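Enquirer: Sharing a model prediction with you, sequence too.
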Amino acid sequence: MEWHACLDEYEKLVIRMNTPRVVIDNAVCPTATLVKVDSARRHGILLDAVQVLTDLNLLIKKAYISSDGQWFMDVFHVTDLNGNKLTDESVISYIEQSLETTHPDRNHGLNGLTALELTGTDRVGLLSEVFAVLADLQCNVVDAKVWTHNGRIASLIYVKDCNSGSPIEDSQKIDRIEARLRNVLKGDNDIRSAKTSVSLAVTHTERRLHQMMFADRDYERKPILQHRADLPMVTVQNWVERGYSVVNVQCKDRIKLLFDVVCTLTDMQYVVFHATINTAGDKAYLEFYIRHTDGTPISSEPERQRVIQCLQAAVERRASEGVRLELCASDRQGLLADVTRTFRENGLNVTRAEISTIRDMAINVFYVTDAIGNRADPKIIESVRQKIGLGNLKVKELPLIYHQKAEREEQTVGVGGAVLLSLGSLVRRNLYNLGLIKSYS
């Protein structure tokens, strides 16, 4: 690290303390790459670290987090989507540089675009109406993410002017966009809760979607489908002697799961002091020791229930319901409006969507169900593919998450009967897992 000539030793010390130290190790674990981070603790630092890893679509197989006093230490066991260690030096270098930045920039690729935020009641064909309005108003959709949960929809759409290729800054045009999109979202029965906003600010898209759905209170609404068997199990207990609230989450493992949970805890103003994350087969087990930012634990039964509801919602929002369809085609004005209109005309409902543009190609992913949320009829899917183009729209299985065989000495992790360990044992265990002590026995 090079120092500016005018810095004194104290200033250098402060910079050292506040700059995360990152070590990436491929030698210790035979099945995963270890990413170790330690730095001075601040609110949100865990989320920043997890965000860097999940933005690269890495799988976090295990993690150990510990905040001792004012110091933050953690280790992540990560692999790529195929379960392999990280060997690409450019990826390793990017992780090191990003984690060593105090406030890393995330969505730098979306600079120069206008952001549209939409929330409202979901219905079949809503997305096609939104994209039709944008096409009519000469807005080119460059990037977008759409989530639905419990009958609600949240979308963050990045657009530019079709003619100039510049962000949309004309106040009158912005007013027209907001008004027409709000009318679409209102429909016949959502006069009060439909919301639209336009800005030039760039934020982390997926974190913002969590915040939008949280503000929309989707967690309080009843699910559309009651028969799902893979609902997340969440428990919250208070460890009175040590002043922690202990949160356990048990659910199906998937990519970006840890990000979704930590993002929600952070935005609810809780601080994670210690945590252990394990995966076994297709299951994930997450345990967090948390307090409010003012240092107090959860203090009431309504608050406890709210945390449970919010974490269940955080896990479910990204859960992939429906058939995954991938669209790869030359980008053109009105493409999304045409594709989603075809979905609507064939009774397909989009439960989640990821829209991106690379050079002149549209790379889009849609998860679709039938009109009432059940799996779509394969014959209808094939008919839709025929209309859009067999070579452009393909049916894809969900990405296969690679799972190692459970270790022979693996301990069964239960949610309902979580044992509250002593703080000393917990800290020693995490320090051992971080490789900072030789034994915690």
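Expert: That came through fine. Residues are numbered from 1 along each chain as shown.

Enquirer: could you give the mean pLDDT of the helix or strand hosting Val141?
Expert: Per DSSP states H and E: Val141 is located in strand 139-149. What strand 139-149 shows for mean pLDDT is 94.

Enquirer: Repeat that for stretch 116-129.
Expert: 93.

Enquirer: what's the offset of it from the middle of its chain?
Expert: Averaging C-alpha positions (C-alpha atoms, centre = their mean, to the nearest Å) puts stretch 116-129 20 Å from its chain's average.

Enquirer: Same question for stretch 205-221.
Expert: 11 Å.

Enquirer: which residues are contacting that stretch?
Expert: 47, 51, 107, 110, 117, 119, 143, 145, 147, 149-152, 154-156, 193, 195, 256, 259-260, 263-264, 267-268, 306, 309-310, 312-314, 317 (C-beta atoms under 8 Å, 6 or more residues apart in numbering). (Each C-beta comes from the backbone N, C-alpha and C, glycine too.)

Enquirer: Show me which of those are buried.
Expert: With burial judged by 16 or more other C-beta atoms under 10 Å, the buried subset of those is 47, 51, 107, 110, 117, 119, 143, 145, 147, 149-150, 152, 154-156, 195, 256, 259-260, 263-264, 267-268, 306, 309-310, 312-314, 317.

Enquirer: Just the buried residues of stretch 110-118, please?
Expert: By 16+ other C-beta under 10 Å, the buried positions in stretch 110-118 come out as 110, 113-118.

Enquirer: wait, I meant stretch 311-324
Expert: Neighbour-count burial for stretch 311-324 [16+ other C-beta under 10 Å]: 311-319, 321-324.

Enquirer: Check pLDDT for those and point me to the minimum.
Expert: Glu321 (78).

Enquirer: if I pick that residue, what's in contact with it?
Expert: Remark: with contacts taken as C-beta under 8 Å, 6+ apart, Glu321 is in contact with 351-352, 367, 369, 373.

Enquirer: which SSE is it in?
Expert: Applying DSSP H and E, one finds Glu321 in no helix or strand.

Enquirer: can I assume Ala49 is in contact with Val37?
Expert: Yes. Using C-beta atoms under 8 Å, Ala49 is in contact with Val37, at 5.3 Å.

Enquirer: still on that earlier bit, just checking, which of the contacts of stretch 205-221 belong to strands?
Expert: 117, 119, 143, 145, 147, 149, 152, 154-156, 195 (DSSP state E).

Enquirer: Quick check: helices, which of the contacts of Glu321 are part of them?
Expert: In helices, judged by DSSP state H, none of these are found.

Enquirer: In three-state terms, how would Glu178 be classified?
Expert: Under DSSP: H, G, I helix; E, B strand; the rest coil, Glu178 falls in the helix class.

Enquirer: Give the bridge partners for the nearest residue to it once chain neighbours are set aside, please.
Expert: Spatial nearest neighbour of Glu178, chain neighbours left out: Thr196 (4.9 Å); criterion: C-beta to C-beta, 6 or more residues apart in numbering. According to DSSP bridges, the partner residues bridging Thr196 are Leu118.

Enquirer: With Tyr244 instead?
Expert: When bridges are called by DSSP bridges, Tyr244 pairs up with Trp239.

Enquirer: coming back round to it: quick check: neighbours shared by Ala49 and Val37?
Expert: Contacts common to Ala49 and Val37, judged by C-beta under 8 Å, 6+ apart, are 20, 74, 76, 99.

Enquirer: and the third one, that's in a strand?
Expert: Yes. When three-state DSSP is applied, Phe76 is found to be in a strand.

Enquirer: Bridged to it, which residues?
Expert: Judged by DSSP bridges, the bridge partners of Phe76 are Val35, Ala63.

Enquirer: I'd say it and Ile60 touch.
Expert: Yes. Assessed by C-beta under 8 Å, Phe76 is found in contact with Ile60 at 5.4 Å.

Enquirer: Tell me which of these two has more neighbours.
Expert: Between Phe76 and Ile60, counting by other C-beta atoms under 10 Å, Phe76 is the more crowded of the two (26 against 23).

Enquirer: The helix or strand hosting Glu287 pairs with which strands, and in what direction?
Expert: Here Glu287 sits within strand 283-292, counting by DSSP H and E. Partner strands and pairing direction for strand 283-292 (DSSP bridges) are strand 244-252 (antiparallel), strand 270-280 (antiparallel).

Enquirer: Point out where the stretch 201-350 of the chain drops to low pLDDT.
Expert: For the stretch 201-350 of the chain, applying pLDDT under 70 flags the ranges 201-202, 224-229, 320.
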